[in-house]
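Student: Structure for this input, please:
(one chain, ligands or ions: 2)
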Amino acid sequence: MIRQAVQLIRKGETVAFPTETVYGLGADALNPSAVKKIFEAKGRPADNPLIVHIQDKEDLKRLASDIPEITEKIIEKFWPGPLTIVLKKSKIVPKITTGGLNTVAIRMPKNKIASLLIKEAGIPLAAPSANFFGRPSPTLAKHVSDDLGGRISMILDGGKTKIGIESTVIDLTGKTPMLLRPGGVTLEQIQKLVGAVKIHPMIKGKKSKLIHRSPGMKYKHYSPNAKVILIEGSTQNVNKKISQLVSKFKKQQKRVGIMSTQKNRIYKADMTRFVGSSTDKIAANLFRLFREFDAQKVDIILVHGISKKGLGLGVMNRISKAAHKKIRI
Ligand code: AMP
Ligand code: MG
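Tutor: Ligands and ions are numbered 1, 2, ... in the order given. Predicted coordinates:
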């Protein structure tokens, strides 16, 4: 299977593969016509840059220029793993890969199939999440075929992805590292290693002129078809609010789903799914459940907010981006 995938990559075709975060749709990052196929298959806007996946730290020097000192410390600690770094790009990286930016996002994944594919191909792979644009990221090979079947050359099935939300993205081109997307590596872990880290204002839910630093942020992401309502507050208050909302929407003849963080709690909704009580489990199940709710054609998904500590920051970022409405009580 890997051999066939390698041949397709070398011919400039697209191959979906598992990583420890979500499934990626890979193609030769240095071949503009191969990269174009990724954008076409996903329906992804051309200004939304791709992450380049490597297997050997030495490749960093080929792909990036003016690499700051702090980079070594960060990759030493977090690579291979779910951390993407943004650096000034070198000449060999085509503009189509970086969405027209003069910076490039690079990551070294930990998943064995991903590493093997990159190593055997001997080519850095541009690979965004392997979902159709705007849909929740795929955590199973089936999600990839549901969205992109017939539009891509091959899918390598590696089972369920471990982390379930995408990599953390950190920009190292400024004086102080800036978190552009919370993800698999936590903000606390990075702060512990390097000290001060700026947080992009959009992560805090603010509008920002810094949008050009991470164009992907401006797009609504990860959305199921159903309307997601995020409810934050104490467990007791949230439960009360959920019950009220279920009654309200049922009166309007809507099909209501609930994503619950309490294992045995029963609601009067059309569909209740337990997403997990620990942050790790919630991250691992979140996108799959969004897709399951859609398959059952619910109109509304009520989601219980969680703490933004650790992996919770990334989880809440994805739910917020998917949300049609947020309620804090
Ligand atoms: P995806 O792989 O689909 O999760 O999307 C890749 C993410 O990385 C998007 O949010 C991009 O905006 C971000 N990204 C990729 N390249 C860059 C870059 N050069 N500068 C800032 N953000 C980037
Ligand atoms: Mg994506």
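Student: Against ligand 1, how distant is Lys297?
Tutor: According to CB to the nearest ligand atom, to the nearest Å, Lys297 stands 26 Å off from ligand 1. Where you see a C-beta, it was placed from the backbone N, CA and C, and this is true even at glycine.
Student: how about the nearest residue to that residue, chain neighbours excluded?
Tutor: Arg255 (6.5 Å; CB to CB, 6 or more residues apart in numbering).
Student: thought that neighbour was touching Ile301?
Tutor: No: counting by CB atoms under 8 Å, Arg255 stays clear of Ile301, with 10.0 Å between them.
Student: So for those two, which sits in the more crowded spot?
Tutor: Ile301 (28 against 17; other CB atoms under 10 Å).
Student: Just list what the helix or strand hosting the more buried one packs against, helices and strands only.
Tutor: Using DSSP states H and E, Ile301 sits in strand 300-304. In this structure, strand 300-304 packs against strand 227-232, helix 235-251, strand 256-260, with contacts taken as 3 or more CB pairs under 8 Å, 6 or more residues apart in numbering; DSSP states H and E.
Student: most packed of these?
Tutor: strand 256-260 (a mean of 25; mean count of other CB atoms under 10 Å).
Student: what sits against the residue nearest to Pro124 when sequence neighbours are not counted?
Tutor: Excluding the flanking residues, the one nearest Pro124 by CB to CB, 6+ apart is Ala29, at 4.5 Å. By CB atoms under 8 Å, 6 or more residues apart in numbering, the contact set of Ala29 is Val35, Leu50, Val52, His53, Leu63, Val93, Thr97, Ile123, Pro124, Leu125, Ala126.
Student: per-residue confidence for Ala29?
Tutor: Per-residue pLDDT puts Ala29 at 98.
Student: Tell me how far it lies from ligand 1.
Tutor: According to CB to the nearest ligand atom, Ala29 and ligand 1 sit 11 Å apart.
Student: try Pro138
Tutor: 11 Å.
Student: Kindly report the same for Asp59.
Tutor: 16 Å.
Student: Report pLDDT for that residue.
Tutor: So Asp59 comes in at 97 (pLDDT).
Student: The helix or strand hosting Asn317: how far from the chain's middle?
Tutor: Under the criterion of DSSP H and E, Asn317 resides in helix 312-322. From the chain centre to the centre of helix 312-322 is a distance of 10 Å (CA atoms, centre = their mean, to the nearest Å).
Student: Give me the below-cutoff pLDDT ranges for the stretch 201-329 of the chain.
Tutor: For the stretch 201-329 of the chain, residues meeting the criterion pLDDT under 70 lie at 208-222.
Student: try 80 this time
Tutor: Applying pLDDT under 80 to the stretch 201-329 of the chain picks out residues 205-223.
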